[in-house]
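**Q** Next comes the sequence, and after it the predicted model I'd like to discuss.
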Amino acid sequence: MKHRSTAGEMLQRIKAAFPKSAWVGYTGTPSFALDGHEGPTTRDIFGDVLHAYTIKDAIKDHNVLGFKVDFETTLSQDELTNHYLPAYFSQMHPTWTEDKIDYHIHHLSPEDMDDMVSSSVYDMNDQHIHLVVKDIVDNWEKRSVNYKYNAILTTHVGGGKASTPMAMKYYNEFKKMNEHRQRPLRVAVTFSQDTSNSDHQFANNTGLEKVILDYNAIFKTNFGAKTVKEYTQDVIARLNKTISLNEDDYLDLVIVVDQLLTGFNAPELNTLYVDRTLRGANLIQAYSRTNRVYDMQSKPFGHIVNYRWPANAKKIMQAALAIYADRNSASVQTDLELNQDDGVLAKPYDELLNDLEPVMMQLADMTENFTHVPDSQDRCENMYHLLRKHDSLMAQIKQSDEYDPHHPEQVFAQSAFNEEDEAKLSSSIKYALKKQLAVYHQVDISDINLQMEHYDDITVTYDYLMELLAKLANQIHDNQMAAAQATKEKIAQIAPQMNDAKYIEQVNQFSDKLFNKKISPQYPVQPAQIKDLIAQHDHDACRRYILNFKEQWGLYDIADSRVINEIINQHTVGMDDLNDTGAVDIILKEGQAVYHTDANDEAVRQMSKIRYRTHLRKALLETADYVKKNFN
């Protein structure tokens, strides 16, 4: 039985109705006698723990992600120590001298300083709201991985005051900043209608109605004051991306007060912005909105950004995580020392850089300074695992606030390696390794999962690639071989950053044929011609491959030789569909009559008729699979 439904009078009634019942409690966040908790704890109701599976266990088992938690504040250290605190102590202690105030300030702990900052610095403060929104907007591409993931912003006003006006201030500030964005953020607000009959009821409900009108305009919906519940359900569907498969139907960010912080599952939500104080189970529940596993490369952790009282917020978080990451807490509340190796909290930026360096050193050694992949399967397998580790570290580095996407070269500022090494590793070396592993494992290259994370997000455009290939063709024609070599290397480096493995292979083969003068297009070559030239080269290569197959098996001159091309063209990879019309039976019969004289492969000519039919049937299917995988 879920524990939070058992702490009241209902439990006593059920126990009275079932006097011989046994009770088992199930919960992700047990109630402890902590943080002013009132009423019975989970242990009081259900007794000693039967089994504990903590968030640390779940992270270790890759069932959920760890957390990267940042502690920001809109009250800078300079403003705090040189202006805010001196004014605070002057008001509290009028008789103190400036020296005494200065001495006192410089002997305060960060937690003590936070204690002296009034909530008015944050609550309903327009400047605070502006700075928070600016931080979110300025870092959106980095934290959301270029709009791949979405986020929640939660805010709450203390002192028993209404929090919905603060949520509306945030919404209005996002609207202002959206006016200057090329790709505006799609933002919604969700909170319950105000039925308190308070002074703020009209303003609160009017604000929500304005949000809904904006929402209707963006998503072509028709919600209103009488359908707020339906509006909220629609917001949830757009946040967890279950409403459709169209990216334009999704929300980027939802502003909440208390809704959606518990029991809400959205694997593509990766960031929680917190402008309030969360504690204990509420903190764990809210943080856990971000740590659902989705793609552990682009989402290596759940990201939390706190915006008020940073020192105290960190202390409160550590206390909550220590309790809920310790299996002993289910029985006896004890303190637990957290560290990055537990996986609960992500490592700081500097530590990630330090961890990256030895991985790069091992990869440099295995590839002889990023020139080629190892020559044995065991070393290729080891390299694969190292690249996965490199990939994970780089993904975390790029989502750190210290990472500057405008100056990505700073990642290697203190390294023995440079941007060129990283570029080779994440493009040509990666692709060569995938090809080699595909051969070792006898699978298609697309089955090798090695999606590399490059230190710099370079968009390799189709047009740029066409320009380089045209440049290569013209350099070869003019016999500028040194320049052509450099262009060919550039093509080999950037082509693997395209998403289509088949097209990458076609580009590389076309580049090789150009460089070795096996293709001589009409000079001068224009970029607009390259697409047709690659297509023609691909078509010719496909015909040669099938022709070689026919000659190997003595099928070139049979009556239905052309049918071989037709059934291969209609084939679906992985399906045994070549003989659906009986074509293979006819081909086998015709080939069987002439293979002793017409096959150019001696081993084929020596086969018995039964062996020939068996092996040709298998070879036809393998050839059809290869052609469909490698040629357009």
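**A** All right, it came through fine.

**Q** Next one: the closest residue to Tyr545 other than its chain neighbours relative to Leu578, how far apart?
**A** Spatial nearest neighbour of Tyr545, excluding adjacent residues (C-beta to C-beta, 6 or more residues apart in numbering): Val627 at 6.4 Å. No exception for glycine: its C-beta is placed from N, CA and C like everyone else's. Distance of Val627 to Leu578, given as C-beta to C-beta, to the nearest Å: 12 Å.

**Q** Need the residues touching each of the two.
**A** Ile568, His571 (C-beta atoms under 8 Å, 6 or more residues apart in numbering).

**Q** Next SSE downstream of the helix-or-strand element of the chain with minimal mean pLDDT?
**A** Across the helices and strands of the chain, mean confidence by mean pLDDT, DSSP states H and E is lowest for helix 42-46: a mean of 69. Next helix or strand after helix 42-46 toward the C-terminus (DSSP states H and E): helix 55-60.

**Q** mind listing what's buried in that following helix?
**A** Ile55, Lys56, Ala58, Ile59 (16 or more other C-beta atoms under 10 Å).

**Q** For Glu368, see how far away Val132 is.
**A** 49 Å.

**Q** quick one, which of the two is more surrounded?
**A** Neighbours per residue, other C-beta atoms under 10 Å: of Val132 and Glu368, the larger number sits with Val132, 24 against 10.

**Q** Wait, that one touches Tyr307, no?
**A** Yes: contact criterion C-beta atoms under 8 Å: Val132 and Tyr307 qualify, at 5.1 Å.

**Q** Next, show the common contact partners of these two.
**A** Thr74, Tyr273, Asp275.

**Q** Pull out the buried members of those residues.
**A** When those are checked for burial by 16+ other C-beta under 10 Å, the buried set is Thr74, Tyr273, Asp275.

**Q** Would you mind giving the residues you listed as JSON lines with pLDDT added?
**A** Shown next, in JSON lines, are these (pLDDT from 0 to 100):
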{"residue": "Thr74", "pLDDT": "93"}
{"residue": "Tyr273", "pLDDT": "97"}
{"residue": "Asp275", "pLDDT": "96"}
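
**Q** Can you tell me which of the residues you listed is nearest Gln127?
**A** Thr74 (7.2 Å; C-beta to C-beta).

**Q** Secondary structure element holding that closest one?
**A** Judged by DSSP H and E, Thr74 forms part of no helix or strand.

**Q** Tell me how far it lies from Ala473.
**A** Relative to Ala473, and taking C-beta to C-beta, Thr74 is found at 57 Å.

**Q** Please apply the same query to Glu566.
**A** Distance from Glu566 to Ala473, by C-beta to C-beta: 33 Å.

**Q** quick one: which of those two has more around it?
**A** Legend: neighbour count by other C-beta under 10 Å for Glu566 and Ala473, higher for Ala473 (27 against 12).

**Q** can I assume the more buried one sits in a helix?
**A** Yes: assigned with DSSP: H, G, I helix; E, B strand; the rest coil, Ala473 falls within a helix.

**Q** Centroid-nearest residue for the chain?
**A** Ser298 (2.4 Å; C-alpha atoms, centre = their mean).

**Q** re earlier: out of the buried ones among the shared contacts of Val132 and Tyr307, who's nearest Phe67?
**A** Tyr273 (13.7 Å).

**Q** Where does the prediction get shaky in this structure?
**A** Low-confidence segments of the chain, defined by pLDDT under 70, span residues 1-8, 11, 28-29, 31-40, 42, 44-46, 193-204, 326-342, 445-462, 497-500.
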